[in-house]
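S.K.: Structure here, sequence nowhere to be found:
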């Protein structure tokens, strides 16, 4: 619940409130010895740091992935590697972003009898493709960004999930605009 409250505060622009909720979620996940929730709490803190221009974003994102236990569901490993890739991309660390994207891709393809936690229901191959495109766009690598975004878009028709379709198209436009203005 604290993570959801933190996300709501974050979306409302109440960053200090979000930080408090994320820290509560982190403490609760550690008390419960739930490494997946611990990692997710740290990843939320990384996003918050990115938003407010903090300097701990990569440290939080790395700690998020490193917090995971050996029995963590592949979908959670994919999500946290995906978030680590984003933090590296926004920091201009292309090699590290590429590595984390590879880890996310590998994890999302891993077969597991464990479905993963309910809070990770939305993490799938399309989410990884979208984040891959976003990362390469952020790194000004259009030739790598566009195919990843087009791959995700190809699986959506006009009746599919609107948010993801809009996200893909938005990043696609941003990438093309940036590419055209740099030539």
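M.R.: Arrived safely, thanks for sending. Just so it is clear, the structure is predicted and the values come from calculations on it, not from any experiment.
S.K.: make it CA atoms for all contacts and neighbour counts henceforth
M.R.: Fine.
S.K.: pretty sure residue 46 is in contact with residue 65, am I right?
M.R.: No. At 11.3 Å, residue 46 does not count as touching residue 65 under the criterion of CA atoms under 8 Å.
S.K.: Test for you: state the pLDDT assigned to residue 142.
M.R.: Looking at residue 142, its pLDDT reads 86.
S.K.: biggest helix in the protein, by residue count?
M.R.: Counting residues, the longest helix found in the chain (DSSP state H) is helix 162-181.
S.K.: Mind giving me the packing neighbours of it?
M.R.: Judged by 3 or more CA pairs under 8 Å, 6 or more residues apart in numbering; DSSP states H and E, the packing partners of helix 162-181 are helix 125-138, helix 142-154.
S.K.: Can you say which of the ones you listed is nearest to residue 59?
M.R.: helix 125-138 (17.8 Å; CA to CA).
S.K.: Now find how far off-centre that closest one is within its chain.
M.R.: 9 Å (CA atoms, centre = their mean, to the nearest Å).
S.K.: rewinding a little: next one: the longest helix of the chain to chain centre, how far?
M.R.: Using CA atoms, centre = their mean, the offset of helix 162-181 from its chain centre is 17 Å.
S.K.: cool, and stretch 8-26?
M.R.: 17 Å.
S.K.: Return the set of buried residues in it.
M.R.: Neighbour-count burial for stretch 8-26, counted by 16 or more other CA atoms under 10 Å, picks out 8-10, 15, 17-26.
S.K.: which stretches of this protein have low pLDDT?
M.R.: 156-165, 168, 171, 182-183 (pLDDT under 70).
S.K.: So which residue is dead centre in it?
M.R.: Geometric centre of the chain, nearest residue: residue 83, 3.2 Å, by CA atoms, centre = their mean.
S.K.: isn't it right next to residue 42, touching?
M.R.: No. Here residue 83 lies out of contact with residue 42, judged by CA under 8 Å, at a distance of 10.3 Å.
S.K.: Quickly list what's touching both of the two.
M.R.: residue 61 (CA atoms under 8 Å, 6 or more residues apart in numbering).
S.K.: residue ranges for the strands of this protein, please.
M.R.: With DSSP state E, there are no strands along the chain.
S.K.: Helices of that one, residue ranges please.
M.R.: Listed in chain order, the helices found in the chain under DSSP H are 2-11, 15-31, 35-52, 57-66, 74-90, 94-109, 125-138, 142-154, 162-181.
S.K.: got these as JSON lines, with distance to residue 117 columns?
M.R.: Below are the helices of the chain laid out as JSON lines (distance: least, CA to CA, whole Å):
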{"stretch": "helix 2-11", "distance to residue 117": "14"}
{"stretch": "helix 15-31", "distance to residue 117": "13"}
{"stretch": "helix 35-52", "distance to residue 117": "8"}
{"stretch": "helix 57-66", "distance to residue 117": "16"}
{"stretch": "helix 74-90", "distance to residue 117": "8"}
{"stretch": "helix 94-109", "distance to residue 117": "14"}
{"stretch": "helix 125-138", "distance to residue 117": "16"}
{"stretch": "helix 142-154", "distance to residue 117": "23"}
{"stretch": "helix 162-181", "distance to residue 117": "21"}
